[in-house]
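# This is a predicted model, with the sequence first.
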Amino acid sequence: MPADRLSAHLEGELKTLEDQGRRKARETVITGVEPPQGGRGPRYRVEGEPGRAYLRMNANSYLGLSRHPRLLEAAEQAARSYGSGPGAVRFISGTFAPHADLERRLAAFHGREAALLFSSAYAAVLGTLISLITPQTAVISDELNHNSIINALRLARPQRKDVYRHLDLADLEVRLRSAVGARRAVVVTDGVFSMRGVHAPLDRVAARVSAHDPHFPENALLVVDDSHGVGALGASGRGSEELCGTRADLLIGTLGKAFGVNGGYVVGSRALIDYLREVAPLTVFSNPISPAEAAAACAALELTDSAWGRERLAHLRALTDRFRRGLRALGLETLSGEHPVVPLFVRDAARTRALVARLRERQILVTGLTFPVVPAGDESLRFQISAEHTEADIDEVLAALEAVSGWAAAGLED
């Protein structure tokens, strides 16, 4: 049947997004990667632009592991042994050895009893929260949590849902007190807020949750999505928990950022993970990652949890610090911290788009963030540092910003 009237309506919706400056830009198609050379990190070739290669500053590949020979070898060997895909969900056709091995390694890496894999971190967040939140549960969430958490809470049906002001622990305290009467409380926060590169003070959040735990017959739980923290923060890459010296009841992470593969996971006590394995719909009824991806992720964990990995993390922190100091020396507005997500606040949508375009002209790929991805007035460029970058790469971006930031300040658009 034709969908002409619906199509016309949707075209109007798209036009509205475009008029408001909210429509996403056409996706950049990467057609090849030039290896590091001459003191520079890798450069990326783009469809339709022959002869040009780009410095990519908009990837979450914090440790630069996706093309590491150890990962590629592990993936190839597993693919030849088990095939290119899993074939079905795990409870129907069983699981492959690389999946079971990866879950054991993730649990050990995070010092937990058990782990459960999902097809993505987004699926892990939805599957975990929807399964834990009952009609007798009070759920309390930071106002700048990731879209996956927001949508999970929309799909769940708690007795009570509260949102506390971003990183405002006094407001969290008030909402925990107001939640008394529910059988269970779930406090959920990002470990690292991906738009700003700021980490939550998990030690102080955990202390407040623990203090209120006796008031709830089924406990007060702290759930942390540390997808941007694991492999980027902490001396050994164990993320926001390591940085803050504390531990959540359930920690959600990703294999698709610092570890350079694909998939998501959750770690926690044996009872919690066994329960999620039985009821979480986004793992029960969804195929897992491929055996090749699981094997590659095991290799990534081994590399991260080694002397090489600690050196890699130290290099990443040094590059991040160099970039932040460079932004301040140019008089540009950013935030303090050590996470490799580094925002450059522009605070104007048109100027943000102008800066993105000017940097692309100089063969630098960066993401511009405007409302509603960030609050109005927080329009910014999000730079993402990788251990694949070099000091020369960082200096190249800073020189480009020095050259183009005046244009954006003058209000010039692409």
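Looks like it came in fine.

# From here on, just use CA atoms for contacts and neighbour counts.
Fine.

# Contacts only, for Arg157.
Contacts were defined as CA atoms under 8 Å, 6 or more residues apart in numbering; by that measure Arg157 touches 133-135.

# Using a markdown table, lay out those residues together with secondary structure and pLDDT.
A markdown table is the format used below for the contacts of Arg157 (DSSP: H, G, I helix; E, B strand; the rest coil; pLDDT from 0 to 100):
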| residue | secondary structure | pLDDT |
| --- | --- | --- |
| Ile133 | coil | 97 |
| Thr134 | coil | 97 |
| Pro135 | coil | 97 |
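
# In ChimeraX, how would I select the buried members of the residues you listed?
Here is the ChimeraX command that selects only those of the contacts of Arg157 that count as buried (16 or more other CA atoms under 10 Å):
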select :133,134
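
# Among the contacts of Arg157, which one sits closest to Ala297?
Closest approach between these and Ala297, by CA to CA: Ile133, at 29.7 Å.

# per-residue pLDDT, the nearest residue to the closest one once chain neighbours are set aside?
Distances taken as CA to CA, 6 or more residues apart in numbering put Pro158 closest to Ile133, at 5.8 Å, once the chain neighbours are dropped. At Pro158 the predicted local confidence, pLDDT, stands at 96.

# before we move on, what about Val341?
With respect to pLDDT, Val341 has a value of 96.

# Gly64 versus the nearest residue to Ala296 once chain neighbours are set aside, what's the distance?
In space, and not counting its chain neighbours, Ala296 is closest to Leu71: 4.5 Å by CA to CA, 6+ apart. Taking CA to CA, to the nearest Å as the measure, Leu71 falls 11 Å from Gly64.

# the more surrounded of those two?
Here Leu71 and Gly64 are compared on neighbour count by other CA atoms under 10 Å; more neighbours surround Leu71, at 26 against 20.

# Spit out the contact partners of the more buried one.
Listed by CA under 8 Å, 6+ apart, the contact set of Leu71 reads 65, 295-297, 299-300.

# And the furthest pair within those residues?
Leu65 and Ala295 (13.4 Å).

# one step back: out of the contacts of Leu71, list just those in helices.
Secondary structure of the contacts of Leu71 is defined by DSSP state H; positions in helices are 295-297, 299-300.

# Can you tell me which of those residues has the most neighbours?
For those, neighbours were counted by other CA under 10 Å; the highest total belongs to Ala296, with 32 neighbours.

# Does anything pack onto the lengthiest helix in the chain? Which helices or strands?
Scanning the chain for the longest helix, with DSSP H as the assignment, gives helix 307-329. The contact analysis (3 or more CA pairs under 8 Å, 6 or more residues apart in numbering; DSSP states H and E) places helix 307-329 against helix 391-409.

# got the domain boundaries for this protein?
In the domain annotation for the chain, the residue ranges read 26-56+307-409, 69-304 (automatic domain parsing).

# okay, these in CSV with distance to Arg5 next?
Shown next, in CSV, are those (distance: least, CA to CA, whole Å):
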stretch, distance to Arg5
domain 26-56+307-409, 25
domain 69-304, 29
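
# which outside residues touch stretch 307-322?
By CA under 8 Å, 6+ apart, the surrounding residues in contact with stretch 307-322 are 62-63, 231-233, 235-237, 303-304, 338-340, 342, 385-387, 389-391, 394.

# Determine how far the last residue of stretch 277-294 lies from the first.
For stretch 277-294, by CA to CA, the gap between its terminal residues amounts to 17 Å.

# And for stretch 335-344?
Start and end residues of stretch 335-344 are separated by 8 Å (CA to CA).

# Check which residues of it are buried.
Per 16+ other CA under 10 Å, stretch 335-344 contains these buried residues: 335, 337-344.

# How far off centre is stretch 122-131?
The chain centre lies 15 Å from the centre of stretch 122-131; the measure is CA atoms, centre = their mean, to the nearest Å.

# show me where pLDDT drops low in this protein?
For the chain, the stretches flagged by pLDDT under 70 are 1, 407-414.

# follow-up on the earlier one: how about the residue nearest to Ala296, secondary structure?
Counting by DSSP: H, G, I helix; E, B strand; the rest coil, the backbone at Leu71 sits in helix.

# just to revisit the earlier point, ok, so of the ones in helices among the contacts of Leu71, who is nearest Asp19?
Ala297 (42.1 Å).

# could you list every residue that touches the closest one?
If you count contacts by CA under 8 Å, 6+ apart, then Ala297 has 71, 102, 255, 259-261 around it.

# pretty sure Ser141 contacts Thr189?
Yes - in this structure, Ser141 is within contact of Thr189 by CA atoms under 8 Å, at 6.0 Å.

# Of these two, give the one with the bigger neighbour count.
Remark: of Ser141 and Thr189, Thr189 carries more neighbours, 26 against 23, as counted by other CA under 10 Å.
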